[in-house]
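Show me the folded form of this:
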Amino acid sequence: MLGQSALTAASGSSANNRIFIYEVEGLQQNAQTDNNQYPVRNSSTILLQVPYSRMNSEMQRINRLGGRIVNIRPLAETPAAV
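As a prediction, this is how the structure comes out:
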């Protein structure tokens, strides 16, 4: 318990359940994306669901594939009604 914060333990469990939506543009089909279970469109933006624990590795993967992250938002966020 020495050196551990009560806030760290409490926030760690809720962080595992958080999902974020990445809006990505510019992804292109290549040898690495051919291994995916789905095709990659290069025409517009795509939305990817990413767990909090994988955010950094997913950003690196998107950059390696030539994509650009346009927006990141939590999954729980709902768009305002117009």
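
quick one, strands of this structure?
19-25, 45-51, 68-74 (DSSP state E).

pLDDT below threshold where in the protein?
1-16, 28-43, 77-82 (pLDDT under 70).

With respect to residue 58, which of the strands of the chain lies nearest?
Nearest to residue 58 among those is strand 45-51; the distance by CB to CB comes to 4.7 Å. Any C-beta I mention is one placed from the backbone N, CA and C, and that applies to glycine too.

in the closest one, what counts as buried?
45, 46, 48, 50 (16 or more other CB atoms under 10 Å).

mind putting the strands of the chain in JSON lines, distance to residue 61 included?
Shown next, in JSON lines, are the strands of the chain (distance: least, CB to CB, whole Å):
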{"stretch": "strand 19-25", "distance to residue 61": "10"}
{"stretch": "strand 45-51", "distance to residue 61": "10"}
{"stretch": "strand 68-74", "distance to residue 61": "11"}
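
For residue 59, find the nearest of those strands.
strand 68-74 (6.6 Å).

Tell me the buried residues in the closest one?
residue 69.

Just want the angle from it to strand 19-25.
160 degrees (axes from the mean of the first three to the mean of the last three CA atoms, to 10 degrees).

Export strand 68-74 to CSV, keeping only CA atoms.
Output of strand 68-74 as CSV, limited to C-alpha atoms (Å, rounded to 0.1, in the frame of the first residue of the first chain):
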residue,chain,number,x,y,z
ARG,A,68,-4.9,11.0,-39.8
ILE,A,69,-7.1,11.1,-36.6
VAL,A,70,-9.7,13.8,-37.1
ASN,A,71,-11.6,13.4,-33.9
ILE,A,72,-11.6,11.4,-30.7
ARG,A,73,-14.7,11.2,-28.5
PRO,A,74,-16.0,8.9,-25.7
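
tell me what that strand is packed against?
strand 19-25, helix 55-64 (3 or more CB pairs under 8 Å, 6 or more residues apart in numbering; DSSP states H and E).
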